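Chemist: structure for the following, please:
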Amino acid sequence: MNTVTPANQSTFGAVIDALRTNFLGDAPSWYKRIIILFLIANPFIYMCSPVISGWCLVAEFILTLAMALKCYPLLPGGLLAIEAVAIGMTSAHEVKAEIYHNLEVILLLMFMVAGIHFIRELLVSIFTKILLRVRSKILLSVIFCVLASFLSAFLDALTVLAVIITVCTGFYGIYHRAVAGAKTQMNDNSGITAEDRVDLDNFRAFLRSLLMHSAVGTALGGIFTIVGEPQNLIIGDTAGWHFTEFALRVSPISVPVFIAGILTCIFVEKFKIIGFGQPLPEKVYQILEQNYLKNLNGLTMRTKVSLVCQAIVALWLIVGLAFHLAAVGLIGLTVIILATTATGVNSESEIGKAFTESLPFTSLLCVFLSIVAVIDHLGLFDPIIKWVLSVDKAAQLPLFYVANGILSAVSDNVFVASVYISQINNALQSCHLDREQFDMLAIAINSGTNLPSVATPNGQAAFLFLLTSAIAPLVRLSYGRMFLMAIPYTIVLSVVGFVCTWFVLPAMTDVFIDLGWLSEVQKVCTK
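Modeler: Sure, this is the predicted structure:
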């Protein structure tokens, strides 16, 4: 007869404790329990009603996106996706089909982000020179916002912001070591005098504002081109648009929004609204300037040649994208090859580091697409899409813009765009929607997922990246503070985008067609 001894009970309890601790790492206990509850409940809900279980899965997945700061969504979201396939909410074949359909986006994330890693030294040099040469805070803020916008139109927003974070972290470290000691950790302020602490607080406010302007700049530029944001490529690829056509179609919204964003940047800096407007303290500037000149004098010829080669590769990148010389991801692959060849990088370990930023999000995108496969398989959005398409055509644009904007602000804009563009493409293929209106709605989806999503760090991957970066705690950039500082931009960009989507987009699209810049589309769907 077997008996349970105290030793066995102790071992069993230790195993359970270890499993509980390991499950989702250091995520809150209540969050772990909720995920387990979801995994237990979903099969029973599916047996009762597949449609209800599908909506529950979507809500559960959005929760994992909203909780991204507590646990990276790939883990809990991936568990939900695996279970969905296992219980029949979709199939592995349908998931594969979704991933295959979005292969170009996956290649973009894999290779373009890694490619930019090898020209980061050039970008850091550019931002460093600007920060030290422009003394007007308003002009400096505008330059950072505009430059982040321009770069994000051609490069990945995460990479652009990563460069700016690198610059700001470097400057913070230089000043902190000067006033706290060369061997002092950047989060240790115990050795700083009261006078220097005032300058440090002002320097933090200065860096916070530049980081926020830059983050918003990535959103302003990201809407312009098909490679500006991952969802742009999903939308553009589904619609069959190349680089130039996408930029032209979205310009009735992107150009006014960009102008409004720059005016907002000037306004908040001029009137020092919600933490903006703090100039660079003079003592801090002197320390940074001395360090920059010292490093400049120490540049070797090899470093200078490397920077020139990086500039040439960056020029090739812009030309290749503008003329659509190859798939976006493949252009990114050429950037990796050319940049590493010209800058002396030749080891697998060095090249591998470039992929650490992109592959986690690439994996998460595949989980997104698994949830999209569930939505398609169960037809969750069919009633909603049919209702929206039944209203007046002019009203469909603002409805799609608002729906995408609200969802993108609380979840993730790539996921939202994937869902909606898939649904209207299904409507187009089934002849419930003509091609002309499909193009309009695609741009409305693009605008809705790009603009209102600046409201919270959850909506924009670049914002979330900034919030979870090493610089955020150093400059006291919390979730709440980021939310408050984004309010002026959220209001202005959302309203301008809404008005342009509803009124400007249809009129300007007709003008572009009349001018011959866009080709006439078939207005009547025929099977």
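Chemist: and Tyr420, what pLDDT?
Modeler: Tyr420 carries a pLDDT value of 86.
Chemist: check Val313 too.
Modeler: Reading off the model, Val313 has pLDDT 90.
Chemist: list of residues touching the one helix or strand it maps to?
Modeler: Secondary-structure assignment from DSSP states H and E places Val313 in helix 301-322. Residues outside helix 301-322 that contact it (Cβ atoms under 8 Å, 6 or more residues apart in numbering): 115, 118-119, 121-122, 125, 154-155, 225, 227, 243-244, 325-326, 328, 331, 334-335, 338-339, 342-344. (Each C-beta comes from the backbone N, C-alpha and C, glycine too.)
Chemist: quick one, which of the residues you listed are buried?
Modeler: Burial by neighbour count, judged by 16 or more other Cβ atoms under 10 Å, picks out 115, 118-119, 121-122, 125, 154-155, 225, 227, 243, 328, 331, 334-335, 338-339, 342-343 from the contacts of helix 301-322.
Chemist: any stretches of the stretch 251-400 of the chain with poor pLDDT?
Modeler: 322, 357 (pLDDT under 70).
Chemist: which residues of it fall in helices?
Modeler: 282-297, 301-322, 328-343, 348-353, 359-378, 382-390, 393-410 (DSSP state H, counting those that start in this stretch).
Chemist: packing partners for the fifth one?
Modeler: Based on contacts counted as 3 or more Cβ pairs under 8 Å, 6 or more residues apart in numbering; DSSP states H and E, the elements that helix 359-378 packs against are helix 50-66, helix 74-86, helix 92-101, helix 103-107, helix 413-429.
Chemist: got those helices as JSON lines, with mean neighbour count and distance to Val367 columns?
Modeler: Shown next, in JSON lines, are these (neighbours: other Cβ atoms under 10 Å; distance: least, Cβ to Cβ, whole Å):
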{"stretch": "helix 50-66", "mean neighbour count": "19", "distance to Val367": "8"}
{"stretch": "helix 74-86", "mean neighbour count": "20", "distance to Val367": "5"}
{"stretch": "helix 92-101", "mean neighbour count": "16", "distance to Val367": "9"}
{"stretch": "helix 103-107", "mean neighbour count": "19", "distance to Val367": "12"}
{"stretch": "helix 413-429", "mean neighbour count": "24", "distance to Val367": "9"}
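Chemist: hey, least reliable of the ones you listed by pLDDT?
Modeler: helix 103-107 (a mean of 80).
Chemist: which strands or helices does the helix or strand following that one pack on?
Modeler: Per DSSP H and E, the first helix or strand lying C-terminal to helix 103-107 is helix 113-117. Helices and strands touching helix 113-117, by 3+ Cβ pairs under 8 Å, 6+ apart, are helix 157-180, helix 328-343.
Chemist: quick one: contacts of helix 113-117?
Modeler: 123, 155-156, 158-159, 317, 332-336, 339, 351, 353-355, 357-358.
Chemist: so how do I select the buried members of these in ChimeraX?
Modeler: Selecting the buried subset of the contacts of helix 113-117 in ChimeraX, with 16+ other Cβ under 10 Å as the burial test, is done by:
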select :123,155,156,158,159,317,332,333,334,335,336,339,354,355,357,358
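Chemist: list the contacts of the most centrally placed residue in the chain.
Modeler: Centroid-nearest residue in the chain: Ala461, 2.8 Å away (criterion: Cα atoms, centre = their mean). Applying Cβ under 8 Å, 6+ apart to Ala461 gives the contacts Ala157, Leu158, Pro230, Phe361, Asp412, Asn413, Val414.
Chemist: closest to Ile130 out of those residues?
Modeler: Closest to Ile130 out of the contacts of Ala461 is Ala157 (18.8 Å), distances taken as Cβ to Cβ.
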